[in-house]
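**Q** no sequence for this one, just the structure:
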């Protein structure tokens, strides 16, 4: 699948889940504090949500963010995933997430995130119901945790762990690519 097919797949998942939950476009837009026009573009595959947007959408619709990775590709061995079998989400703001886990229904999920130089999860803080942690594989990841918190910058081989509903955001403030292995519970 190419990037456009992935974006269109995400659009369909969001639209279908919203309709299944009997929410109008306006109701969902109001709950995630975004415009109807923006959400309409996301549902038509014309715009990509930020990480913060998709987290807010998933929380509002009552599913984990990993729900949007459910269009998995067929695998030869069900408990193994190879690079060409992985589902990818392309976010606005220069972030690409690749589902590394063979299953999203297990006790935890793993993502490999690629943050382009200057990439950010969005202006607002994430409020994900999942406990999560990460391991910086390459580059630098800056995290703002809590209200008015000083940022913490992590480098290669640094790791972090955040409780459910942690208020945080993150970015790559460097001129180089950053890669992070995320684990969600």
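**A** Ah, there it is. Bear in mind that the values here come from a model prediction, so they are computed numbers and not experimental data. Numbers count the residues shown, from 1 in each chain.
**Q** Okay, the nearest residue to residue 177 once chain neighbours are set aside and residue 2: tell me how far apart.
**A** Closest residue in space to residue 177, ignoring its immediate chain neighbours: residue 139 at 5.6 Å, by Cβ to Cβ, 6 or more residues apart in numbering. For every residue, glycine as well, the C-beta is placed using N, CA and C. Distance, residue 139 to residue 2, by Cβ to Cβ, to the nearest Å: 25 Å.
**Q** what residue lies at the spatial centre of the protein?
**A** Nearest to the geometric centre of the chain sits residue 51, at 4.5 Å (Cα atoms, centre = their mean).
**Q** I'd assumed residue 95 was in contact with it.
**A** Yes: using Cβ atoms under 8 Å, residue 51 is in contact with residue 95, at 5.8 Å.
**Q** hey, what's in contact with both of those two?
**A** Applying Cβ atoms under 8 Å, 6 or more residues apart in numbering, one finds that residue 51 and residue 95 are jointly contacted by residue 121.
**Q** Okay, helices next: where are they in this protein?
**A** Ranges of helices in the chain, per DSSP state H, are 3-20, 25-31, 36-43, 51-61.
**Q** As a check, name the ranges of all strands in the chain.
**A** Ranges of strands in the chain, per DSSP state E, are 88-90, 95-99, 109-115, 126-127, 132-138, 141-145, 152-154, 159-162, 167-171, 178-184.
**Q** Adding mean neighbour count, write those strands out as JSON lines.
**A** Formatted as JSON lines, the strands of the chain follow (neighbours: other Cβ atoms under 10 Å):
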{"stretch": "strand 88-90", "mean neighbour count": "20"}
{"stretch": "strand 95-99", "mean neighbour count": "21"}
{"stretch": "strand 109-115", "mean neighbour count": "22"}
{"stretch": "strand 126-127", "mean neighbour count": "18"}
{"stretch": "strand 132-138", "mean neighbour count": "18"}
{"stretch": "strand 141-145", "mean neighbour count": "19"}
{"stretch": "strand 152-154", "mean neighbour count": "15"}
{"stretch": "strand 159-162", "mean neighbour count": "14"}
{"stretch": "strand 167-171", "mean neighbour count": "20"}
{"stretch": "strand 178-184", "mean neighbour count": "19"}
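**Q** how about TSV for those strands, with distance to residue 66 and mean pLDDT added?
**A** Listed next are the strands of the chain as TSV, based on distance: least, Cβ to Cβ, whole Å; pLDDT from 0 to 100:
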stretch	distance to residue 66	mean pLDDT
strand 88-90	10	85
strand 95-99	7	91
strand 109-115	5	94
strand 126-127	14	82
strand 132-138	11	97
strand 141-145	20	96
strand 152-154	23	98
strand 159-162	16	97
strand 167-171	18	94
strand 178-184	6	96
